[in-house]
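A.B. asks: Prediction below, plus the sequence it came from.
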Amino acid sequence: FGQAEVALPGGCNFGGVRPIDQHIKGFNALGANVAVEGGFIRATVGEERLQGASIYLDVVSVGATMNIMMAAVMAEGRTVIENAAKEPHIVDLANFLNSMGANIRGAGTDTIKIRGVDRLRGGSYAIIPDQIEAGTYMAAVAATGGQVLVKNIIPKHMDCITAKLQECGVEVEEHEDTLLVRRNGPLRRANIKTLPYPGFPTDMQPQITVTLALARGTSIVTESIFENRFKYVDELARMGSNIKV
């Protein structure tokens with residue numbers, strides 16, 4: 001439509017500041033004119049379409065990667081996003097857009113190439129199972145003991161979570177689209193650092209911290225994505241956990 005206006009992001013305050021500089025950098029590179037005024041982001045395009053460009057992300061950002069991909073699919077010419085995020089849902093978005101007629105290659109690697117098309121068409125698409133939802137069930141089994149069969153998942157997407165739970169003494173049996181998660185013995189300590197995919201996801205950090213609060217020994221959890229993601233720890237301390245930030 002040539003122009004858009006949206007309020008600055010608010011919502012959850014778990015992570016401190018949520019910068020959008022990489023999103024704006026990408027839109028500007030494609031030829032949009034982006035201004036932040038009075039709590040609103042205003043983006044406009046002149047008479048011409050957006051133009052393909054080479055964009056290097058200063059930090060790996062899932063949201064910026066997705067936003068630039070969506071802007072570039074109908075831009076004129078070729079767009080290259082370097083240092084792109086590799087999360088499973090980036091690949092899923094690319095597959096979805098491609099099924100509607102977009103031309104995206106390289107999703108899931110750190111370089112995504114997009115050839116602009118004139119139009120997209122409608123279609124039906126099934127989105128992938130949610131890595132964090134499945135991981136939360138897995139962490140719950142680790143914390144409480146017993147066993148659970150988690151169905152309709154992509155086990156490969158769970159590798160970063162599975163590996164850490166196994167290190168803690170949890171048994172994980174992998175099948176085609178299920179994981180059998182079992183804990184009978186005591187939990188062992190482990191150190192964890194959150195990282196962009198395929199590293200340990202920041203959205204699984206609180207769940208794994210609860211699990212480690214029940215393990216024998218001292219574990220260290222390092223958060224490297226969001227600056228202030230340990231606000232929940234005070235509440236766990238009220239429940240008897242021994243956690244220091």
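C.D. replies: Now that the structure is in, tell me what you want to look at.

A.B. asks: how close does F96 get to G199?
C.D. replies: Note on F96: its distance to G199, by Cβ to Cβ, to the nearest Å, is 24 Å. (C-beta placed from N, C-alpha, C; glycine too.)

A.B. asks: Tell me what I192 is bridged to.
C.D. replies: On the basis of DSSP bridges, I192 is bridged to V221.

A.B. asks: For it, list the residues it contacts.
C.D. replies: Contact analysis of I192 by Cβ atoms under 8 Å, 6 or more residues apart in numbering lists 164, 200, 205, 208, 212, 219-222.

A.B. asks: do the same with G26
C.D. replies: 55, 57, 64, 67-68, 71, 81.

A.B. asks: Helix or strand: which one has it?
C.D. replies: According to DSSP states H and E, G26 maps onto helix 21-29.

A.B. asks: Flag every buried residue along that helix.
C.D. replies: Of all the residues in helix 21-29, those buried under the rule 16 or more other Cβ atoms under 10 Å are 22-27, 29.

A.B. asks: Quick check: most distant residue from the centroid of the protein.
C.D. replies: Residue farthest from the centre of the chain, counting by Cα atoms, centre = their mean, is E47 at 34.6 Å.

A.B. asks: Now compare the contacts of G26 and name the two farthest from each other.
C.D. replies: Greatest spatial distance among those (Cβ to Cβ): L57 and A71, at 13.8 Å.

A.B. asks: out of these two, which sits in the more crowded spot?
C.D. replies: When L57 and A71 are compared for neighbours, A71 comes out ahead with 22 against 19, by other Cβ atoms under 10 Å.

A.B. asks: how far away is that one from I112?
C.D. replies: Using Cβ to Cβ, A71 is found at 12 Å from I112.

A.B. asks: Low-confidence ranges, this protein, go.
C.D. replies: Along the chain, the parts satisfying pLDDT under 70 run over 11-17.

A.B. asks: Longest helix in it, please.
C.D. replies: Taking DSSP state H as the assignment, the helix of the chain that covers the most residues is helix 131-144.

A.B. asks: Check which element follows it along the chain.
C.D. replies: Moving toward the C-terminus from helix 131-144, the next helix or strand (DSSP H and E) is strand 146-151.

A.B. asks: going on from that following strand, what's the next piece of helix or strand?
C.D. replies: As assigned by DSSP H and E, the chain's next helix or strand after strand 146-151 is helix 159-167.

A.B. asks: Helices along the chain, start to end?
C.D. replies: Applying DSSP H to the chain gives helices spanning 21-29, 62-72, 88-99, 131-144, 159-167, 205-212, 233-238.

A.B. asks: Show me what the third one packs onto, helices and strands only.
C.D. replies: Going back to what we said before, that points to helix 88-99. helix 62-72, strand 103-105 (3 or more Cβ pairs under 8 Å, 6 or more residues apart in numbering; DSSP states H and E).

A.B. asks: hmm, 6 Å instead?
C.D. replies: Packing contacts for helix 88-99, counted by 3 or more Cβ pairs under 6 Å, 6 or more residues apart in numbering; DSSP states H and E, involve strand 103-105.

A.B. asks: List the buried residues of the strand it packs on.
C.D. replies: Within strand 103-105, the residues scored as buried using 16+ other Cβ under 10 Å are I104.

A.B. asks: what does that strand contact?
C.D. replies: 94, 97-98, 113-115, 117 (Cβ atoms under 6 Å, 6 or more residues apart in numbering).
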